[in-house]
Structure formats: C-alpha cells, structure tokens
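Asks: sequence and predicted model, in that order:
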Protein chains: 2
Amino acid sequence: MELEFLRWLRGRLPPHPQLRVPPGDDAAVLAHTPGSDCVITSDLLMDGVHFELAECGPRAAGYKSLAVNLSDLAAMAARPVAAIVSIALPQADAQKLAVELYEGLLPLADRFGVTIAGGDTNCWDGPLVINIAALGETTEHGPLLRSGARPGDQILVTGELGGSILGKHLHFAPRVEEALLLNSRYRLHAGMDISDGLSLDLSRLAAESRCGAVIELAAVPVSPAAQQLAGSGADERSAWEHALADGEDFELLLAAPPEEAERIVREQPLSIPLTRIGEFVAEAGLWRVDERGRREPLPPRGYEHGAAG
Amino acid sequence: MELEFLRWLRGRLPPHPQLRVPPGDDAAVLAHTPGSDCVITSDLLMDGVHFELAECGPRAAGYKSLAVNLSDLAAMAARPVAAIVSIALPQADAQKLAVELYEGLLPLADRFGVTIAGGDTNCWDGPLVINIAALGETTEHGPLLRSGARPGDQILVTGELGGSILGKHLHFAPRVEEALLLNSRYRLHAGMDISDGLSLDLSRLAAESRCGAVIELAAVPVSPAAQQLAGSGADERSAWEHALADGEDFELLLAAPPEEAERIVREQPLSIPLTRIGEFVAEAGLWRVDERGRREPLPPRGYEHGAAG
C-alpha cells in the first residue's frame, strides 16, 4: 500500500512557508522563527480508549488525534507549526482507513497553519493506534506555564464545562487562537487546557504554582451537555459534578491578577465566553464555595490516564 | 500509577541545556540554536511487528524505539536534541514495564545528549506500542538529503550489511556521530540510513536524486550475521542476498563525488569501515555488476512497511 498512499498524501499536502524538506526524506526539516523557542508535545490515541472507531468513524478519530495536540500547544500559548502522524492500522481496509484519518485531520491542520511533516504508517493485527507529535513556537509573549499562578490571582475558564462525552470530545475546537490572543493582549500568570476535568486539572495547576484554589460553584459555566447527562437519570451526579470532573473539555484554564481578570471578563475579547470561577489562595489544596459562602474541601476528580508530559 | 511513575521519571531525567520547560506542563519548551533548522521524525513500534516483547524484553524494546529515531536524525546529519515518548502499555505490570522501557532508552538518550521532553503514557488491553518523536537541529553544514546524488557520484556505506535479525536490529548503534563527522569534514551529495534493505533504500535514494545506481556485488561489505544466515540452511538466500535485502541494518548510505569518495575511503575517518560499493548513473534504475563485469538489473528488495515520511 505504501507508495500509492504516499503519493496520495504528498499530493494532498499544501506547501508551508517553514517546511524546507517535506515528508519523503528520513526526517522533515523546518525553518525556525528567530527568537522563538520550540514547543513540543505528543499524544497517543487508541481505539477503544480515546475513541470507538466503529462508532465515530476514522475521520473523527483523525480529527481528535490532531486536536488534542493543538490543545496542548494552545495551553502553552504556542503558535502551531507542524505535526508528525504515526499510525498503526488494522489489516482490513488499511489504506482506505488511512486516507479517511487524514481527511479528518487535514482540514484542522489547514485551519491552524500546521504542516504534516511526515510520520510512520504500519499495519498490524491490533486495533487502530494514532500518535501525533506537534511542534509549535513560542511568541514574543513567551510560553504560558502552569507554574506562575499566585495567591490572589483569579481563575478564568473559556467556554462551558462538562458532558464532553456526548460529542464535544470528538469535535472540539482547540483554543489556539484564543490562547494566542489572550497571551498577547493580557498579563496572564498561568494557564493550561482542561483535558482531564476541571477539579483535577485545577489542582495540578495550583500544585505546580505552589498554591491552592477556591472554586465558586455557582460561577462555573455548566454546559448544556452536562445538564443533559445529569437529567438523564443515567447516573446520580449533578450537572455541577459533571462540570467539575468530566474529562476532555479542552477549554482553557487561566490565572490572572485581579485587575487583569476583571478587564478580561469585562472586555470579553473572544467569540466564546470567558468566566471567572474563583481564585488562587496561599494555602495548598482545593476548595469549593457555595452560594451561601460555605467553603469545603473539593476532592480533585477527573480522568487519570498516566500522562508523562 | 501515573503520579508515582511521573515522579520516578522526573527524578531520573538529567537537566539539559536546551530544556527550558521540562515534562510536566502541557508541552515541553526547548531553546533553539540560532541559525539551525528543526529536524523532526517519528516512529511507531509495535510488539509483534518491530520487536517480540516476550523474547527481547522491555529494555531492548525501549532502546530500539529511540535508536531508530536517532538513526533517522543521523540520516539527515542532524544533531539530536530531544525525544518525546508515547507508550500504550498492556495492563499487567504496566508500571514495571514502563520503568524498564525507560531504563532501556535513557542510557542511549544520555549518550547522544537527547533530553526526554515528555510524552504520553496510557494503559490498554492491547499489546505494547511505543511511539517516539525525535527533534534535532541542522548544523552549519546543512541537512543531508536523499535528493542530491549525481551521476558519477560514488556509493559509500558504513559498517557491514545483512543478518540484522540475528540481533543487531535490537542493539545497533545509530550512526549519529559518524554522520555529523562525515557531513562536516567531507563534501557529501546525499545520504540516508539503510533501514529497509540496501537495494530498496538505494533505489529510493537514486529515485529521489533522479538517477540510477550500480552496485558492485563483490564490494558490498557482507556481515558475519548474513553469512551465518546463509550458511544455516534456514533459507536459500546467499549472504550477498541478505546483505542486499535484509532490513534494519541502520548503517549510512552516502553519495559523494569521486575524488571525495576516494579521500573518505583512504582516510577511513570512522571507527567503523567505510566502503565504496558502486556508483550512481544517469539512467534511472538499479543494477548489479559481478566480478566479471556482467551488469544486470537488480530488483529492489527489502522491508516495505508503509512509511509516510
């Protein structure tokens, strides 16, 4: 299959201003923007774990595989440059599957100016596995780290949270442009993407920043999907619990000093909502505060998948 | 498992002069050497395809997964900088397996100054899958491409070829330093690593360079392992056939103008042999010439795995 597929792929890939040596050699060569640093991330997605191929189809699997990586670059406020796509294909209809995967991810790559700088395509007797490694560059405003939040900083989130499993986890828009805009226009202290659940990811950001965090429950933007799940009777969790613990929101979680956070929320510079949901505190730990001001510890909950980086 | 494993991994990773943000954030940030280009490659290795975990053990699987990527960087005459390691682990003894994989690859990373800049570690019900993406940088001498060979250029190879399956494919030394030295000291026109078999890879290099190639059979450095395979009675192929078609030699295949090739072979600047095995010709195709000067077409043979880049 390889030559025919490679020819198709080479013909399908648009030129990219930074791609000096395209796929086809032993590695790709990319021009580097002077003054920037490289930002690099990688995610391995497996059929039956991160998607159900038989249900969602190969285009959605391809889309998601690239989107999770772009979300990681967004979390660093990095400009995406290139992606390397490695695929292990089940033997049956391997070439058709590979083409469909690419048809799912290529429009997303185009949209964010990401060049597909090669990869590795194999067949085997196992299920579909897709690894994408993404390369980005820092801007003049530097990378947005998890470690910069300070006590008194306000907690902001983009979009609405919870219930991603009803569909958003396959079709979400990585917050690349949003992160670049916010990082260039405002003074942010820290940020990450919410991939494993708000409470778990917030506890990680707070721990990296050596502080704690208090979530104001009533302020959390609960998605209609979270409300739908809570109302379905399928489980006993409330919509808030879904918003606090469901994985794969892929929204941005940000720390900004009070006056800056106020300005961001007032100006609403994005096409999606930006919401203040609480603040960072000196004492390590995670708490929730209800409408009556009662504060109690909030055990971090979410999806623990064993990420190493 | 994740926190304990992550702590172990973070403690195990030495600092690196270019690693600005280490694993643990959403992505790693690496300082870029001014004036160089990024070189990027990725390989996905699966249990049962690229190694047999039950036979070779996890350390060898980890070593090989990094080594094949370093060989790709060597093939570009790029200086290795970082690797991103993504792993899908079978559920049983997942953490022990992950630690052993890293113990297999970390000494190799250390040896070549490669920092492990993060990755993704998951468990599933499938076999072990390892993806490593490697990031390198071009030197002042530029990348070594497949496309620069010209008619009249001589064909050079490092080391000895064939029979890698008897052990070398798991324990080979990627020719990183050799490629950097040769690319800095001599005028090379083209190069790649021999990963899928000499005849197949040479036909690819010739095709990328829009020329053909003639191999002088008697000059090909046949490895003792290839001779052992040929003498074992296990198959009917000669030692030469093994040297021409066996995959995973991971030696360098180079094109140099005649006087430069002569100088390289005379000076023997490496600790491993450098051998002239033929020359590039204007007519597209691949030929072999025997001791009596008889020239006949040589059908490219090797391992076709469907590499996309």
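Replies: Cool, got the structure.

Asks: tell me which stretches of the stretch 151-300 of chain A form helices.
Replies: A:168-171, A:176-185, A:198-208, A:224-231, A:239-245, A:258-267 (DSSP state H, counting those that start in this stretch).

Asks: mind giving me the packing neighbours of the longest one?
Replies: When you say that, I think you mean helix A:198-208. strand A:190-194, strand A:212-216, helix A:239-245, strand A:251-256, strand A:285-289 (3 or more CB pairs under 8 Å, 6 or more residues apart in numbering or on different chains; DSSP states H and E). Where C-beta positions appear, they are placed from N, C-alpha and C, glycine not excepted.

Asks: most tightly surrounded among these?
Replies: Mean neighbour count (mean count of other CB atoms under 10 Å in any protein chain shown) peaks for strand A:251-256 among the helices and strands packed on helix A:198-208, with a mean of 28.

Asks: give me the helices and strands touching it, please.
Replies: strand A:154-158, helix A:176-185, strand A:190-194, helix A:198-208.

Asks: that one vs strand A:154-158, what angle?
Replies: On the basis of axes from the mean of the first three to the mean of the last three CA atoms, to 10 degrees, strand A:251-256 is oriented at 160 degrees to strand A:154-158.

Asks: mean confidence score for the host helix or strand of A:Cys123?
Replies: Assessed by DSSP states H and E, A:Cys123 sits inside strand A:115-124. In this model, strand A:115-124 has an average pLDDT of 93.

Asks: go on, stretch A:219-237?
Replies: 91.

Asks: what is the end-to-end distance of it?
Replies: 18 Å (CA to CA, to the nearest Å).

Asks: show me which positions of that stretch end up buried.
Replies: Neighbour counts over stretch A:219-237 (16 or more other CB atoms under 10 Å in any protein chain shown) mark A:Val220, A:Pro221, A:Val222, A:Ser223, A:Ala225, A:Ala226, A:Gln227, A:Leu229, A:Ala230, A:Arg237 as buried.

Asks: pull the longest helix from chain A.
Replies: helix A:53-75 (DSSP state H).

Asks: ok, back up a step: and the two most separated of the buried residues of stretch A:219-237?
Replies: Across the buried residues of stretch A:219-237, no pair lies farther apart than A:Pro221 and A:Arg237, at 17.1 Å, counting by CB to CB.

Asks: stretch A:121-129 near chain B anywhere?
Replies: Yes - contact between stretch A:121-129 and chain B, assessed by CB under 8 Å from any CB of the partner chain, occurs at A:Thr121, A:Asn122, A:Cys123, A:Trp124, A:Asp125, A:Gly126, A:Pro127, A:Val129.

Asks: who's in contact with the fifth one?
Replies: Residues counted as contacts of A:Asp125 (CB atoms under 8 Å, 6 or more residues apart in numbering or on different chains) are A:Pro90, A:Gln91, B:Gly48.

Asks: go again with 10 Å.
Replies: With contacts defined as CB atoms under 10 Å, 6 or more residues apart in numbering or on different chains, A:Asp125 is in contact with A:Ala88, A:Pro90, A:Gln91, B:Met46, B:Gly48, B:Val49, B:Gly126, B:Pro127.

Asks: then the last one?
Replies: With contacts defined as CB under 10 Å, 6+ apart, A:Val129 is in contact with A:44-47, A:49-50, A:65, A:86-90, A:122, B:44, B:46, B:86, B:88, B:124, B:126-127, B:129, B:131.

Asks: mind redoing it with 7 Å?
Replies: A:Leu44, A:Met46, A:Ala88, B:Ala88, B:Val129 (CB atoms under 7 Å, 6 or more residues apart in numbering or on different chains).

Asks: the residue of the stretch 1-150 of chain A found nearest chain B - how many residues pack around it?
Replies: The minimum distance from the stretch 1-150 of chain A to chain B, using CB to the nearest CB, falls at A:Gly118 (2.2 Å). Counted with other CB atoms under 10 Å in any protein chain shown, residues neighbouring A:Gly118 total 28.

Asks: find the nearest non-adjacent residue to the residue sitting nearest the centre point of chain A, please.
Replies: By CA atoms, centre = their mean, the mean C-alpha position of chain A lies nearest to A:Ser71, the distance being 2.8 Å. Setting aside the residues directly before and after it, A:Ser71 is nearest to A:Pro174 in space (CB to CB, 6 or more residues apart in numbering or on different chains), at 4.2 Å.

Asks: check contacts around A:Ile87.
Replies: A:Ile87 sits next to A:Ala98, A:Leu101, A:Thr121, A:Ile130 when contact means CB under 7 Å, 6+ apart.

Asks: that one: helix or strand, and which one exactly?
Replies: Per DSSP H and E: strand A:78-90 holds A:Ile87.
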